[in-house]
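Asker: Structure here, sequence nowhere to be found:
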């Protein structure tokens with residue numbers, strides 16, 4: 001019996017076979033505090049490499065079903081308080097070919113020609129920087145990505161060391177990245193602070209929801225203005241090499257994004273002065289850039305942060321058709337226009353099809369745990385690699401940023417459409433809107449974007465705000481089914 005991917009609000013028990021064969025972190029994100037990402041180029045013969053993948057998948061790869069079971073399991077038995085590792089394994093098109101798979105055959109053709117071409121082929125379309133300006137580890141071919149996540153940095157370091165030593169027999173480790181969750185001081189019921197990114201804003205708030213349990217929880221806040229539910233087909237596709245009718249995977253976009261925090265905050269202060277904001281109103285400048293205050297309050301609903309523990313996601317821009325409350329160029333309005341009436345090209349339903357499932361984690365920082373983990377992984381990578389030392393030198397000042405990762409069923413119609421047609425498009429959602437001030441790439445409008453001097457009032461001033469996030473490199477991957485990995 002084939003799986004119905006058009007359904008929303010799904011019951012977990014009805015999709016158990018699919019979830020057992022699907023990798024975790026796709027339909028629900030990992031919530032572990034630390035992550036290690038290991039980028040590989042296969043060097044051994046295909047048979048030996050396939051054997052290593054089988055062994056790795058059997059021991060480490062987390063299924064979606066296991067991910068869903070874990071919270072319930074450990075809440076019932078608090079004595080089971082031991083470190084847990086969560087893992088993914090992704091392949092690029094080049095990686096499939098290195099393993100001997102034919103990607104363009106009639107029967108097993110991948111439906112995404114964008115995936116087959118790879119990220120570098122779309123550099124002009126995405127307005128990405130020249131490849132010779134990418135970080136060293138991203139300039140050449142990448143065959144696979146291993147993602148490891150855990151709540152304890154020392155435990156993650158031990159597990160990463162084990163994996164990296166084992167894989168070095170069949171592959172060269174061309175790059176490693178270390179991420180860690182950032183939190184503010186607002187403690188939540190789980191005992192942890194709220195998740196933020198390096199600019200200081202709440203992160204990961206608005207995501208597509210698939211499971212009934214998550215949707216019902218969100219509906220308690222209301223969904224008459226914005227319904228976050230999504231069908232499985234937004235993110236899942238049949239695995240061309242899967243072992244059954246329940247074998248599904250997802251296309252993954254990975255991009256390392258460096259954040260210029262000092263430059264952002266200096267420019268934010270200049271915007272405060274340009275708008276004549278004083279006192280508590282000064283915080284509104286950053287909210288105009290992002291579309292939310294640092295505490296997560298949507299600026300289209302309020303001219304000040306509300307400090308709520310529960311973040312409102314039930315809103316649209318129907319009452320702000322001129323962008324006098326939330327600018328058309330604000331980051332969250334650009335990346336999710338929510339049926340914005342200024343878009344004369346697409347309907348709300350068409351816009352919803354461009355959504356992505358966003359999984360990202362910050363990198364860099366000054367916490368002792370982060371510095372120890374980063375240093376240990378970097379030393380281990382240098383020790384294991386067979387490439388020249390110059391090609392993998394570890395930067396002493398890598399800065400800070402975001403290890404961006406998102407899932408979708410169609411890279412071209414989702415991530416690439418969002419980046420090219422919304423974020424980088426100066427005339428979206430209306431003519432002379434300008435770039436997204438956070439994620440936009442390319443040339444800004446002469447004079448910059450338009451900003452309302454008073455919240456909700458029509459008088460606007462021009463001010464340029466962009467270029468504080470720099471793409472460092474990346475690749476397109478596919479998250480194959482677990483049955484494929486087990487039988488590769």
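Answerer: Structure received. On a predicted model such as this, the values are computed, not experimentally measured, just so you know. Numbers count the residues shown, from 1 in each chain.
Asker: a helix runs through residue 172, doesn't it?
Answerer: No - counting by DSSP: H, G, I helix; E, B strand; the rest coil, residue 172 is not part of a helix but strand.
Asker: Could I get the contacting residues of the closest residue to residue 120 other than its chain neighbours?
Answerer: Leaving aside its chain neighbours, residue 120 sits nearest to residue 131 (6.0 Å; criterion: C-beta to C-beta, 6 or more residues apart in numbering). Bear in mind the C-beta positions are built from the backbone N, C-alpha and C, glycine included. Residue 131 makes contact with 120, 123, 139, according to C-beta atoms under 8 Å, 6 or more residues apart in numbering.
Asker: Which of the residues you listed sits closest to residue 34?
Answerer: Lowest distance from residue 34 to the contacts of residue 131 (C-beta to C-beta) belongs to residue 139, with 26.5 Å.
Asker: quick one: the residue nearest to residue 120 from residue 138, how far?
Answerer: Look at residue 131 and residue 138: by C-beta to C-beta, to the nearest Å, they are 8 Å apart.
Asker: Next: residue 90.
Answerer: With distances taken as C-beta to C-beta, residue 90 is found 15 Å from residue 138.
Asker: what do you get for residue 315?
Answerer: According to C-beta to C-beta, residue 315 and residue 138 sit 37 Å apart.
Asker: Between these two, which is the more surrounded one?
Answerer: Ranked by neighbour count (other C-beta atoms under 10 Å), residue 315 and residue 138 place residue 138 first, with 21 against 17.
Asker: Was I right to think that one contacts residue 403?
Answerer: No - if you go by C-beta atoms under 8 Å, residue 138 and residue 403 don't touch, sitting 11.9 Å apart.
Asker: what do the two both touch?
Answerer: residue 256.
Asker: What about residue 247, how many residues nearby?
Answerer: 21.
Asker: can you check residue 266 too?
Answerer: Neighbours around residue 266, by other C-beta under 10 Å: 12.
Asker: Do a quick rundown of the strands in the stretch 301-450 of the chain.
Answerer: Assigned by DSSP state E, counting those that start in this stretch, the strands in the stretch 301-450 of the chain fall at 357-363, 400-408, 449-452.
Asker: can you list contacts of the shortest one?
Answerer: What that stands for is strand 449-452. 271, 274-275, 288, 323-325, 327, 329, 432-435, 437, 458-465.
Asker: Strands of the stretch 101-250 of the chain, residue ranges please.
Answerer: For the stretch 101-250 of the chain, strands defined by DSSP E, counting those that start in this stretch occupy the ranges 144-150, 171-180, 182-187, 193-196, 237-238, 248-259.
Asker: Quick check: what element follows the last one along the chain?
Answerer: Looking back up the chat, that one is strand 248-259. Next helix or strand after strand 248-259 toward the C-terminus (DSSP states H and E): helix 261-275.
Asker: helices and strands of the protein: which one bottoms out on pLDDT?
Answerer: The weakest-scoring helix or strand in the chain, judged by mean pLDDT, DSSP states H and E, is helix 368-384 (a mean of 66).
Asker: so what's residue 418 up against?
Answerer: 335, 354, 356.
Asker: Show me the shaky parts of this protein.
Answerer: By pLDDT under 70, the low-scoring segments of the chain are 1, 72-82, 105-109, 189-190, 366-374, 376-377, 380-398.
Asker: So it: which segments form each domain?
Answerer: For the chain, automatic domain parsing gives the domain ranges 12-180+234-259+356-403+472-487, 261-343+428-467.
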